[in-house]
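Q: sequence first, then the predicted structure, then my questions.
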Amino acid sequence: MLKRISIDPNICHGKPCIRGLRYPVEFILELLSSGMSIEEILADYDDLEREDILAALLFATKLTQVKSIYKVTQ
């Protein structure tokens with residue numbers, strides 16, 4: 001599933017994107033958090049697939065699975 005997420009410095013400034021398309025994972029998560037359903041997103045963006053949305057969620061989940069968080073001082 002994570003193979004659907006690509007990171008290319010030449011696409012969207014190197015942000016993690018869906019299958020090399022110009023849909024950053026961040027954008028998909030914003031759509032979901034705004035209340036859009038997977039079906040609504042797929043209806044609005046023809047080149048996305050259900051597995052792409054699920055891959056974005058899995059990618060976000062993996063990013064939050066950290067053992068420790070340290071405060072960064074300035």
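A: Alright, I've got the coordinates. Numbers count the residues shown, from 1 in each chain.
Q: backbone phi and psi for the residue nearest the centre of the chain, please?
A: What sits nearest the mean C-alpha location of the chain, by CA atoms, centre = their mean, is residue 25, with 1.9 Å. Phi and psi for residue 25, reported as degrees, to the nearest 10, are phi -50, psi -40.
Q: how close does it get to residue 68?
A: 23 Å (CB to CB, to the nearest Å). C-betas here are computed from N, CA, C, even on glycine.
Q: tell me if I'm right that the residue nearest to the centre of the chain and residue 15 touch.
A: Yes - between residue 25 and residue 15 a contact is recorded at 7.2 Å, counting by CB atoms under 8 Å.
Q: what about residue 1, how many neighbours?
A: 12 (other CB atoms under 10 Å).
Q: so what's it up against?
A: Counting by CB atoms under 8 Å, 6 or more residues apart in numbering, residue 1 touches 51, 54-55, 58.
Q: and those, which of them are in helices?
A: Residues of these located in helices (DSSP state H): 51, 54-55, 58.
Q: farthest-separated two in the residues you listed?
A: 51 and 58 (9.9 Å; CB to CB).
Q: who has more neighbours out of the two?
A: Between residue 51 and residue 58, counting by other CB under 10 Å, residue 58 is the more crowded of the two (16 against 13).
Q: where does that one land on pLDDT?
A: The model reports residue 58 with a pLDDT of 96.
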